[in-house]
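A.B. asks: next come a sequence and a model predicted from it.
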Amino acid sequence: MSFAHLASHAPSRTLAATAAISMLCCAAALRADVVETKDGRRYEGNVVSQNDEIVSIDTLVGDLRITLKLPRIEVASVSKSPLPDGFFRRSTGGDNSRPDEMNSAYLEVPIRGVFGKELFADVIRPALNRARYSKVPHIVFVIDSVEQGKTEDDKAGFDEAIATANLLQSHSKWIQFHSIVKNCVGKAIVFPLHSSTVRLTPGSEIGTNDIPKDWEEARAAEELAIRRQIAGEYGARVAAKRGDGLGALVQALIDPTASFVAWRNDDKTITFGATAPKDVPTTNIILEDDPEKTLRMTYDRAKSLGLSVLDGDTAALGEQLGLKSWHLESNFGSESVNRVTRQQIERQQKAATVFEMRIKENIRRREAVENQIQMNLKAAAEMDPSKGDYSTYGRRWRWGWNGYGSAGGGGTSLTYESQQRWTNRTDATLMYLNRAYSAVVAARKLDKEAAQLGLEQTFKPEELEQMATDLQTKGRMLRLHRNRYEK
C-alpha cells in the first residue's frame, strides 16, 4: 500500500454532520436501557421510542454515539442495567458567561504511534466534536509519530490517514488547529498540513519516508506520481496563503523530486523557494535538499531559516501567538485520546462484528462523498464562464464595428482568445458539475444504506433529488452555450 491509495481521496473535505455526537444531557439517568438482539448484539443507552415495528436506542457503537433503529422482530429483550461512569460523557457547552476567555481556550490532543496501529481517526473524533459543540476555538496537536520505512502493505494505515484528513477538513470551519512537533515522520504529517500554526521543538523533525529502492519500477513510478499530485495540491494551498517559499517547503517534505533551496541575501535576510536566483553565490546557500530524497525539516534547520520554533510547552504557544487569555479548556483532549486508543487496541485484538464495520464504513464514506460534493460545487462556481474576463475586437482595436466583416457598430464580437477562454472555462465547469453529480448519486446510495443500518441520513431524500436535477439542468445550459462568439 502506498500514497496511491491516499490520492484517490486526498486532499479532501469531510462530512461535518455525522451521527457520532449529539448534544444530549444524560445526567438524569442513573440506570440505562439495554437492548439485546436475537443474534447476540447488546446495546446500552437510552431507548427513545419503541413500538410493534421499531426499537430506537441512543447508544454507542464503538466510540460513535448514534441512534439505532432496530426492527422489533430482531429484538430479544429490552431491560435496565447500570452503565459505567462517564459512558455518555459529553460537554454541556462550556462557560458561556466568559466569552472573552473562551476565545482563547484550547484542547491539547496528543498524537502518538502510527496510523493503523496506535493512531486512528476515531482517536481524535471526540476531541474535535467537543471543541466544535462547546465552542472551544483551538486544538493543539502534540505530535510524536515516527514511521519506519515502507516494507509491507499498509492499507489500514492509509485508510485511517484518509479518514483523519477528511475529519480535520470538515471541522476546520469551526476550529483552528495548531501542531507542536516532537517528531512527525510519515502519514501523521496530515496534522501539520491542516494546521494554521506549526512549531518544531528541540530535537524534532518532520517529513515523510523515501520511496523504497527495492520496490518494483511500476509501483515506485505510481507512488512518485501520486506524491507529486498530493505535494502539488497541498503546496499550492500553502503558497496561496503564506507565499511560494513555504509552498515549496511543503512539496519537498512529500515529493522526493521537488527541489528546495534557502539562501542568505546581501542584506542578511533569508529567502527560500524551489530554486535560487542565478546570481546568488554558492557561499550564500544555507540549505539545498537532496534531489532524490524527501526533505526532513529539523528544529535546527527551521531555526537557521528563521522559521518560528517552540522552546516551551503548549502554554508557551499561546504566549508566542499573542493570545493573552490562552488557557486549557479541560483535559478532555488527552483523556479521550487515551480512552479511545485503549478501546481501539482492544478492538484490534478481537474480531470486529460485521455490523459495526458496516456502520463505520458507511459514516466514513458519507463524510468523503459530502466533501466531494462541496469541493466540486465550489470549484464549478469559481470556473463559471460568466465570471471570466473577455475581450472584444471592438475594445481591442477601438473599431466602430464588430470585428472581421461583422455588421453593426457595437464591437461585441469576442476575440479568438476570449472564445477559447469561454470554452475552456465551460469545459472545466462541466467537469466539476459531473463530479458533483456522481457524488450526489453515491450519496443517495449511501444514505439508503444508512437508513437500513438504523443511522440518521445525511440528506433529506428530496434534497438529493433536487440537487441532481439542478446539476443536470445547469450542465445542459452550459453545453448549449459552450461555443460563444458574442459578448
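C.D. replies: Now that the structure is in, tell me what you want to look at.
A.B. asks: how deep is E36 tucked in, by neighbour count?
C.D. replies: 15 (other Cβ atoms under 10 Å). Using the backbone N, CA and C atoms, a C-beta is placed for each residue, glycine as well.
A.B. asks: make 4 the first number, not 1, from now on.
C.D. replies: I'll keep to 4 as the first residue from here, and by that count the last item is E39.
A.B. asks: that one against R45, yeah?
C.D. replies: Yes: proximity of E39 to R45 meets the contact threshold set by Cβ atoms under 8 Å, at 5.1 Å.
A.B. asks: what are the buried residues along the longest helix along the chain?
C.D. replies: Longest helix in the chain, counting residues (DSSP state H): helix 419-455. Buried residues in helix 419-455, counted by 16 or more other Cβ atoms under 10 Å: 421-422, 424-425, 428-429, 431-433, 435-436, 438-440, 442-443, 445-447, 449-450, 452-453.
A.B. asks: which elements pack onto it?
C.D. replies: Judged by 3 or more Cβ pairs under 8 Å, 6 or more residues apart in numbering; DSSP states H and E, the packing partners of helix 419-455 are helix 357-386, helix 464-483.
A.B. asks: mean confidence score for the shortest one?
C.D. replies: When you say that, I think you mean helix 464-483. Averaging pLDDT along helix 464-483 gives 92.
A.B. asks: tell me which other helices or strands that helix touches.
C.D. replies: helix 419-455.
A.B. asks: now the helix it packs on against helix 357-386, angle please.
C.D. replies: 160 degrees (axes from the mean of the first three to the mean of the last three Cα atoms, to 10 degrees).
A.B. asks: just how off-centre is helix 419-455 within its chain?
C.D. replies: How far helix 419-455 lies from its chain's middle: 20 Å, per Cα atoms, centre = their mean, to the nearest Å.
A.B. asks: tell me the angle of that helix relative to helix 464-483?
C.D. replies: Put simply, helix 419-455 runs at 160 degrees to helix 464-483, going by the same axes, to 10 degrees.
A.B. asks: now do the buried residues in the host helix or strand of A239.
C.D. replies: According to DSSP states H and E, A239 maps onto helix 220-245. If you call a residue buried by 16+ other Cβ under 10 Å, then helix 220-245 has these buried ones: 225-227, 229-235, 237-238, 241-242.
A.B. asks: again, but for stretch 274-281
C.D. replies: Under the neighbour-count criterion of 16+ other Cβ under 10 Å, stretch 274-281 has T274, F275, G276, A277, A279 buried.
A.B. asks: please save the CA atoms from that stretch in CSV.
C.D. replies: Extracted in CSV, the C-alpha atoms of stretch 274-281 (Å, rounded to 0.1, in the frame of the first residue of the first chain):
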residue,chain,number,x,y,z
THR,A,274,14.8,33.7,1.4
PHE,A,275,13.8,30.2,0.2
GLY,A,276,11.9,28.6,-2.6
ALA,A,277,12.0,25.9,-5.3
THR,A,278,15.1,27.4,-6.9
ALA,A,279,17.6,30.2,-6.1
PRO,A,280,18.3,33.1,-8.5
LYS,A,281,21.3,32.6,-10.7
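A.B. asks: which residues touch it?
C.D. replies: With contact meaning Cβ atoms under 8 Å, 6 or more residues apart in numbering, stretch 274-281 is reached by 247-248, 251-252, 254, 261-266, 268, 288, 290, 308.
A.B. asks: will you turn the buried residues of stretch 274-281 into CSV that also has pLDDT and distance to S198?
C.D. replies: Listed next are the buried residues of stretch 274-281 as CSV, based on pLDDT from 0 to 100; distance: Cβ to Cβ, whole Å:
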residue, pLDDT, distance to S198
T274, 91, 23
F275, 88, 20
G276, 88, 22
A277, 88, 22
A279, 89, 28
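A.B. asks: state the pair within those residues that is farthest apart.
C.D. replies: T274 and A277 (11.7 Å; Cβ to Cβ).
A.B. asks: state the pLDDT value of the closest residue to V143 other than its chain neighbours.
C.D. replies: Nearest non-adjacent residue to V143, counting by Cβ to Cβ, 6 or more residues apart in numbering: H181, 4.7 Å away. Looking at H181, its pLDDT reads 97.
A.B. asks: much appreciated, bye for now.
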